[in-house]
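Enquirer: Okay, predicted coordinates and the sequence, questions at the end:
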Amino acid sequence: MSYKEIYEQWLNADLTPDLHEELLAMDEKTKEDAFYTYLEFGTAGQRGLLGAGTNRMNIYTVRLTTEGLARLMDSKGDAKKRGVAIAYDSRHFSKEFAMETATILADHGIPSYVYDSLRPTPALSFTIRELKTLTGVMITASHNPAPYNGYKVYGEDGGQMPPEDAAALTEYIRQIDDIFSITLGDTDKYIAEGMITIIGEDIDAKYLKNIETVTINHELINEYGRDLNIVYTPLHGTGEMLGRRALATAGFEKIAVVEEQAIPDPDFSTVKSPNPESQAAFAMSEELGRKVGADMLVATDPDADRIGVEVRLPDGSYQPLTGNQIGAVLAKYILEAHKTAGTLPANAAMAKSIVSTELVSHIAESYNVEMFNVLTGFKFIGEKIHAWETTGDHTYMFGFEESFGYLIKPFVRDKDAIQAMLLICEVAAYYRSLGKTLYDGIQDIYAEYGYFVEKTLSVTLEGSTGKEQIAEIMGKFRDNAPEKFDGLEILLTEDFKELTATSHSGKVEKLSTPPSDVLKYHLEDGSWIAVRPSGTEPKIKFYMAAVADTEEQAQSKIEHFEKEIKTFIA
Ligand SMILES: O=P(O)(O)OC[C@H]1O[C@H](O)[C@H](O)[C@@H](O)[C@@H]1O
């Protein structure tokens, strides 16, 4: 059916009045964008603008996805009785979508455990493992702006569904002919019957107990962490539920919270975008930081799976750390602390995405720790942890992505900003014990391992036209890539869609990851460039990573890479 026909179908359906109104007000371009496709499972579940349409997040598309999920679970026989854990963030309709999900599952005889109020994504992952449910659902659009929401699906290990399972779920969703044929039972009745169980404080207490295992050196925190001056902002999201308590329990006592941003707010009124990747999200933290003389500022995104950090420089200004820098200081500290304590296992391993800094691979190597590279999406790191746990081949030490996601202890199987917040504060306490700041710590790491400077250029291209433009750019790189970047030879080209690694001499080897639309160019000096469409936002991303002996040289390479990429795609 064409988008126009589907639009007509929605127009004639018995929609909620707000969505019906929205349909009537749509211009042709909006109609096309809202109906040309269905929401797909991308890097981290389904994500889309809230509103009317098949390509939007609304109660009908949530029902559709849940009906597919329920049918998939039906196919698993009695295992479905283990049920589904459900959590949601502070966004518009998050709670409503969570309750719709629970009700449709109950219609299929599938029990669910739904949080009484908003909770972080890592808490959901923990809950699946704790309650031994078969599946989990998190209603969130993570760090996206307020007009978005999303639906993340988890497997029984607490990790986000890998692509094969997402494909199976998509098949079940596609078999549903009529989105409006999905009817709902009585939610209150299901709650009274115990088919839907409301959960809360009990599980929080268990999560917080596990959180105590994240910090490594308690004496150090006692001595240097107690009066470490920290500003924390949950950016109007779920971090507030557990973040403050976790910090206090770990022994960090001097915490000033940005109170205006501790209020859950679906509009994220005090920020343009609740994304700790962007310095703009730190404006109020910086202000409070200057007032209280904070050593560091920490922000968690609305579902508290990502963390951003700023450090005070000697001149009193605040310097944001990149996702890669945070990853590097955390990794270095974990390995050094365990080595010193004699607790670094012989089969220790770490995992990171292929678009994250190689600096951490060098750090791992210097401790004889193996590093595994996976595609973008924390689900792939979750998969590694699961495999290592099953075979016993490796002991998980740390996993991270440049996109500000970190996991220290595997009692959670998705990135966990609460864990990361505790450990980054411990790392700051460690550098404090040496008379240094976190920022000095990063400089020390560069001095030891060489200068690694990374930059991501994201170009937003929206709607169906944007999707075509992104495909065109990917095609251009694939068919006719530049021969050099900043005069540096490309030694190896990896195409994760074709699953080929082609060397300079033309020799082709096979890649073993699942197929994914990513191209990565490895240059002769260890620098690299990667290109991929984002799987969470309407963007194409260019990752540039330069290695050099000095920061200036590395910066200059990045500038050249950026200029050349811009010219190439112009
Ligand atoms: O680059 P994208 O596909 O937009 O993904 C960027 C990030 O988005 C989410 O936070 C995912 O959970 C991460 O695993 C991913 O790295």
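Expert: Perfect, thanks for sending it.
Enquirer: Look up the closest residue to residue 428, ignoring the ones flanking it.
Expert: Excluding the flanking residues, the one nearest residue 428 by Cβ to Cβ, 6 or more residues apart in numbering is residue 438, at 4.9 Å. Every C-beta, even on glycine, is put in place using the N, C-alpha and C of the backbone.
Enquirer: tell me which element residue 164 falls in.
Expert: Using DSSP states H and E, residue 164 maps to helix 163-174.
Enquirer: Flag every buried residue along that helix.
Expert: 163, 165-166, 169-170, 172-173 (16 or more other Cβ atoms under 10 Å).
Enquirer: want to try a markdown table for these, with pLDDT as columns?
Expert: Formatted as a markdown table, the buried residues of helix 163-174 follow (pLDDT from 0 to 100):
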| residue | pLDDT |
| --- | --- |
| 163 | 88 |
| 165 | 90 |
| 166 | 93 |
| 169 | 96 |
| 170 | 95 |
| 172 | 97 |
| 173 | 96 |
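Enquirer: rewinding a little: and the helix holding residue 164, C-alpha only, in CSV?
Expert: Only the C-alpha atoms of helix 163-174 are listed here, as CSV (Å, rounded to 0.1, in the frame of the first residue of the first chain):
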residue,chain,number,x,y,z
PRO,A,163,19.7,-8.5,15.2
GLU,A,164,18.6,-12.1,14.6
ASP,A,165,16.0,-11.9,17.4
ALA,A,166,15.0,-8.4,16.2
ALA,A,167,14.5,-9.9,12.7
ALA,A,168,12.3,-12.7,14.2
LEU,A,169,10.3,-10.2,16.1
THR,A,170,9.9,-8.0,13.0
GLU,A,171,8.5,-11.1,11.1
TYR,A,172,5.8,-11.6,13.8
ILE,A,173,5.0,-7.9,13.6
ARG,A,174,4.6,-8.0,9.8
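Enquirer: The next helix or strand after that helix packs against which elements?
Expert: Next along the chain after helix 163-174, taking DSSP H and E as the criterion, comes helix 187-193. For helix 187-193, the packing partners by 3 or more Cβ pairs under 8 Å, 6 or more residues apart in numbering; DSSP states H and E come out as helix 94-107, strand 196-199.
Enquirer: Can you give me the neighbour number for the residue of the stretch 101-250 of the chain found nearest the ligand?
Expert: Per Cβ to the nearest ligand atom, residue 142 is where the stretch 101-250 of the chain lies closest to the ligand, at 5.2 Å. Per other Cβ atoms under 10 Å, the neighbour tally for residue 142 reads 30.
Enquirer: that older thread, generate JSON lines for the buried residues of helix 163-174, with distance to residue 478 as supplementary columns.
Expert: Shown next, in JSON lines, are the buried residues of helix 163-174 (distance: Cβ to Cβ, whole Å):
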{"residue": "163", "distance to residue 478": "21"}
{"residue": "165", "distance to residue 478": "28"}
{"residue": "166", "distance to residue 478": "24"}
{"residue": "169", "distance to residue 478": "29"}
{"residue": "170", "distance to residue 478": "25"}
{"residue": "172", "distance to residue 478": "32"}
{"residue": "173", "distance to residue 478": "30"}
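Enquirer: Out of these, which comes closest to residue 340?
Expert: Closest to residue 340 out of the buried residues of helix 163-174 is residue 163 (39.6 Å), distances taken as Cβ to Cβ.
Enquirer: rewinding a little: could you say what helices and strands the helix holding residue 164 packs with?
Expert: helix 59-74, strand 148-154.
Enquirer: can I get these in TSV with mean neighbour count and distance to residue 116?
Expert: Listed next are these as TSV, based on neighbours: other Cβ atoms under 10 Å; distance: least, Cβ to Cβ, whole Å:
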stretch	mean neighbour count	distance to residue 116
helix 59-74	21	20
strand 148-154	25	19
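Enquirer: Span of stretch 338-352 from start to end?
Expert: With Cα to Cα, to the nearest Å as the measure, stretch 338-352 spans 20 Å from end to end.
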